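**Q** The sequence isn't on hand, but the structure is:
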């Protein structure tokens, strides 16, 4: 019932989000056809706007957009005029998604053990070392770590390609550069949550039953401590799946992130609104998934 | 209430070994699934054969449709795919026969008769006839195509009236197919650069059958019928454009390289990394070399620069006080030390601009403007009522600077100009940096005092630089209107005698840089390409920065492997 209600909310939510982005992107000064050189006559400029219905009042443009959206059509990109927004997404989303999923795997693969380990050895040097590396991961931004990775692994040691997107090998450096920051976040989240969880009464009870410390931590504390990580994972995954401008630019990866940023800079109205809608759908669905996983992880959680 | 039931259960039983952590098996299964998916997606990337030549071309092409392309990187590809009646000679930048093997020009210079080659076919095999030429030009001229450059056809009789809807019958536009091989064009007046326009993408020949079948996205579909030396293999956004030699092109025997990848690269550092590791053979966009490394790169044997039809200048908004006073504009111009900007900031072999139309343009020699003269500048400013800069209102210099690449230099130039004006004239000019699209919109609306500007010639003729300052031009953007200037440009373009024409242009340009000074040229851009001239041949210096793909080749295709291992560390 709860999930049904959440689903019913998706449509009005999307309307609000698309309308807001539709208006905001048009409110920004400058338009898609403001360029260094103007067409030879004002008439050409007028026809150009008319061709993409930009001469109509905004509400009619919006209705046109919604009407097309009903057929799953996001319109023609104003910057890449031979491509529809659907086409851009169909080309770029799989790339972003595969890189994002790999980075997500990397994030969890590094972050969870690190956080767990730090919490298990709380107060010892291992905890400090773990926490310090987690903080470093969070503090060093991707645009610093990525060039360092390139210099070391791609240019000096020639283990991986410097850029482009052609084989699984090409995914390694971007995946690390993208995932490292989030690993740090996850490790810190998990460590804090573990430290809170072990203070709970049922942990004391479990210890009183004579269970080993490992069993107590793994079996009883961890599921509870995972909850914040899980709720963080929803937006994180949506973020990773839709690509990263920085990583995509540095490694020249044909993902969605660069389109998002360049679309806004170039006032590519249709592309920006289309991508916002896609991002919103992903975010909503993943948040629903998070709620669902909550039920599985924490028996105390019930949705009425 | 069973909320704690699971928690107090004993040790896990053997068969539920995966349920050590309750609920986590979902995560495990999920992660495995996700990893599996991404592995499949990655493996799903087709392993393509390696291209024979890889070029870092510039930004992702906005379009490859010749009627729509406006940016130089896009045009380079569009011209490789679609040819016009004429094409530019790679060595001279002058028009040479393309799809038309020859042409006749009437004595009054207004009627052109083109003779198509007899062996013309699309890359997909269908014949190309004058009907295709007629269709292509009418399409470029059709408002529904919304071509930015439709104006390139307005020199044709009745073309503008047709575009504006004053004329609805396309057959009254001055183009007609006399028969399947003869194509005739009527111009309004003898136009010295009409053949240059015939080399321009807007006038290239495009496949009606594909366009009518696929609409807007026709140029993304393969097999794409191409009329140029190359055909499209794949166009993947932000990944690459891959082209293959068109074996049916009329001059295919002279196309030198089979398979070419053109990479859209947004970051100068990435471009250089690709080049240094031997993945890319050529970088030919001046915005794609890190400005910070320019002084090093220019010493590298791989660095090639050449003069280029492009000018960096600044505009005055002559509708604002005190810039409406030519003496003030002249004072600011005379106080600009162009030498210093070129010496201190640009590094790419740029030359200072004492006039607006770059040197080397066909059939034209510019007048010279006064150089750096701070003494005269101060005198003029005092005459205009601001002795020593006193009472001079707070003006702003507007520019945009993108985060990376060549445009980064804009900010440095702005600071330099600000300092010069302060030092020499005692005037305080503020700096206003805005986003690119906002910048162009502000410039068009004359919402600025002084603004950074640049212009790159479309074709090899002074008109591409000069006609933009006529009163009615949307590219004027200074508010400056001078009927004498308008008259000179009009007369020059109706003039069949090239010497007389050049003289008229010279008078017009003199108004621009010597008398009224709505603009101040600062330096001429330098064209640039990074490649090892032992490994890559056929890239010639080009005043239009055009390097036809069919001319480029690698003497030894194996050499790339060589370079990867040995040469790299020592090259830079």
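**A** Good, I have the coordinates. Keep in mind it's a predicted model, so treat the numbers as computed, not measured. Residues are numbered from 1 along each chain as shown, chains lettered A, B, ... in the order given.

**Q** Quickly note the distance from residue A:222 to residue A:236.
**A** Distance from residue A:222 to residue A:236, counting by CB to CB, to the nearest Å: 19 Å. Bear in mind the C-beta positions are built from the backbone N, C-alpha and C, glycine included.

**Q** quick one: low-confidence parts of the chain?
**A** Chain wasn't specified; assuming chain A. Scanning chain A for pLDDT under 70 picks out the ranges A:304.

**Q** meant chain B, my bad for not saying
**A** B:1-46, B:402-407, B:557-572.

**Q** Map the structural domains onto the sequence of it.
**A** Domains of chain B are assigned by automatic domain parsing as B:7-64+B:214-302+B:531-569, B:83-205, B:306-526.

**Q** Regarding chain A, what is its longest helix?
**A** Criterion DSSP state H: the longest helix present in chain A is helix A:85-120.

**Q** Going by neighbour count, which residues in that helix are buried?
**A** Neighbour counts over helix A:85-120 (16 or more other CB atoms under 10 Å in any protein chain shown) mark A:85-89, A:91-108, A:110-112, A:114-120 as buried.

**Q** Check which element follows it along the chain.
**A** helix A:125-139 (DSSP states H and E).

**Q** about what we covered before: what angle separates the longest helix of chain A from helix A:125-139?
**A** Helix A:85-120 and helix A:125-139 are oriented at 160 degrees to each other (axes from the mean of the first three to the mean of the last three CA atoms, to 10 degrees).

**Q** that older thread, out of the buried residues of helix A:85-120, who's near chain B?
**A** Subset of these in contact with chain B: A:87-88, A:91-92, A:94, A:97-99, A:101-102, A:104-105, A:108, counting by CB under 8 Å from any CB of the partner chain.

**Q** Using the three-state scheme, assign the residue in chain A that chain B sits nearest to.
**A** Closest approach between chain A and chain B, counting by CB to the nearest CB: residue A:40, at 2.3 Å. Here residue A:40 is recorded as coil under DSSP: H, G, I helix; E, B strand; the rest coil.

**Q** what's the nearest residue to it if we skip its chain neighbours?
**A** Spatial nearest neighbour of residue A:40, excluding adjacent residues (CB to CB, 6 or more residues apart in numbering or on different chains): residue B:151 at 2.3 Å.

**Q** related to what we said a few turns ago, other SSEs contacting the longest helix of chain A?
**A** For helix A:85-120, the contact count by 3 or more CB pairs under 8 Å, 6 or more residues apart in numbering or on different chains; DSSP states H and E identifies helix A:125-139, helix A:168-197, helix A:222-241, helix A:256-265, helix A:269-297, helix B:24-44 as packing neighbours.

**Q** Swap in 10 Å and give it another go.
**A** Under the contact definition 3 or more CB pairs under 10 Å, 6 or more residues apart in numbering or on different chains; DSSP states H and E, helix A:85-120 sits against helix A:125-139, helix A:168-197, helix A:222-241, helix A:245-251, helix A:256-265, helix A:269-297, helix B:24-44, strand B:230-236.

**Q** Could you point out which of the ones you listed sits nearest residue A:33?
**A** Evaluated over the helices and strands packed on helix A:85-120, closeness to residue A:33 peaks at helix A:269-297, with 10.9 Å, by CB to CB.

**Q** Any buried residues in that closest one, and which?
**A** By neighbour count with 16+ other CB under 10 Å, helix A:269-297 contains the buried residues A:269-280, A:282-284, A:286-288, A:290-291, A:293-294, A:296-297.

**Q** May I see the helices and strands packed on helix A:85-120 arranged in a markdown table, with distance to residue B:221 as well?
**A** Converted to a markdown table, the helices and strands packed on helix A:85-120 look like this (distance: least, CB to CB, whole Å):
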| stretch | distance to residue B:221 |
| --- | --- |
| helix A:125-139 | 45 |
| helix A:168-197 | 27 |
| helix A:222-241 | 28 |
| helix A:245-251 | 26 |
| helix A:256-265 | 21 |
| helix A:269-297 | 20 |
| helix B:24-44 | 21 |
| strand B:230-236 | 9 |
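
**Q** Of all these, which one is nearest residue A:44?
**A** Shortest separation from residue A:44 across the helices and strands packed on helix A:85-120 is recorded for helix A:269-297, at 19.8 Å, computed as CB to CB.

**Q** The closest one vs helix A:222-241, what angle?
**A** Using the same axes, to 10 degrees, helix A:269-297 lies at 170 degrees relative to helix A:222-241.

**Q** For helix A:269-297, name the packing helices and strands.
**A** helix A:2-27, helix A:58-70, helix A:85-120, helix A:222-241, helix A:256-265, helix B:24-44.

**Q** Please find the angle between the direction vectors of that helix and helix A:256-265.
**A** Using the same axes, to 10 degrees: helix A:269-297 against helix A:256-265 is 140 degrees.

**Q** And residue A:171, how far from residue B:328?
**A** The gap separating residue A:171 from residue B:328 is 59 Å, by CB to CB.

**Q** that older thread, looking at the ones next to chain B among the buried residues of helix A:85-120, spot the one nearest residue B:384.
**A** Using CB to CB, residue A:88 is the member of these that lies nearest residue B:384, at 53.0 Å.

**Q** Residue B:317 reaches residue B:448, doesn't it?
**A** Yes: using CB atoms under 10 Å, residue B:317 is in contact with residue B:448, at 5.5 Å.

**Q** related to what we said a few turns ago, these two touch, right, the residue of chain A closest to chain B and residue B:197?
**A** No: with contact defined as CB under 10 Å, residue A:40 does not count as touching residue B:197 (11.9 Å).

**Q** Identify the residues contacting the residue in chain B that chain A sits nearest to.
**A** For chain B and chain A, the shortest gap (CB to the nearest CB) falls at residue B:151, measuring 2.3 Å. For residue B:151, the contact set (CB atoms under 10 Å, 6 or more residues apart in numbering or on different chains) comprises A:38-41, A:43-44, B:141, B:159-160, B:163, B:202, B:474.

**Q** JSON lines for those residues, including distance to residue A:51?
**A** Formatted as JSON lines, the contacts of residue B:151 follow (distance: CB to CB, whole Å):
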{"residue": "A:38", "distance to residue A:51": "16"}
{"residue": "A:39", "distance to residue A:51": "12"}
{"residue": "A:40", "distance to residue A:51": "16"}
{"residue": "A:41", "distance to residue A:51": "15"}
{"residue": "A:43", "distance to residue A:51": "12"}
{"residue": "A:44", "distance to residue A:51": "10"}
{"residue": "B:141", "distance to residue A:51": "14"}
{"residue": "B:159", "distance to residue A:51": "18"}
{"residue": "B:160", "distance to residue A:51": "18"}
{"residue": "B:163", "distance to residue A:51": "13"}
{"residue": "B:202", "distance to residue A:51": "16"}
{"residue": "B:474", "distance to residue A:51": "17"}
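
**Q** Pull out the buried residues from the helix or strand where residue B:210 lies.
**A** Using DSSP H and E, residue B:210 falls within helix B:208-214. Under the neighbour-count criterion of 16+ other CB under 10 Å, helix B:208-214 has B:208, B:210-211 buried.

**Q** mind putting the residues you listed in a markdown table, distance to chain A included?
**A** Below are the buried residues of helix B:208-214 laid out as a markdown table (distance: CB to the nearest CB, whole Å):
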| residue | distance to chain A |
| --- | --- |
| B:208 | 16 |
| B:210 | 12 |
| B:211 | 11 |
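
**Q** So what's the residue count around residue 227?
**A** No chain specified, so I'll use chain A. Residues lying near residue A:227 (other CB atoms under 10 Å in any protein chain shown) number 18.

**Q** I was thinking of chain B, sorry if that wasn't clear
**A** Residues lying near residue B:227 (other CB under 10 Å) number 28.

**Q** Mutual contacts of residue A:40 and residue B:197, please.
**A** Contacts common to residue A:40 and residue B:197, judged by CB under 10 Å, 6+ apart, are B:149, B:152-153, B:155.

**Q** quick revisit: pretty sure the residue nearest to residue A:40 belongs to a helix, no?
**A** Yes: under three-state DSSP, residue B:151 sits within a helix.
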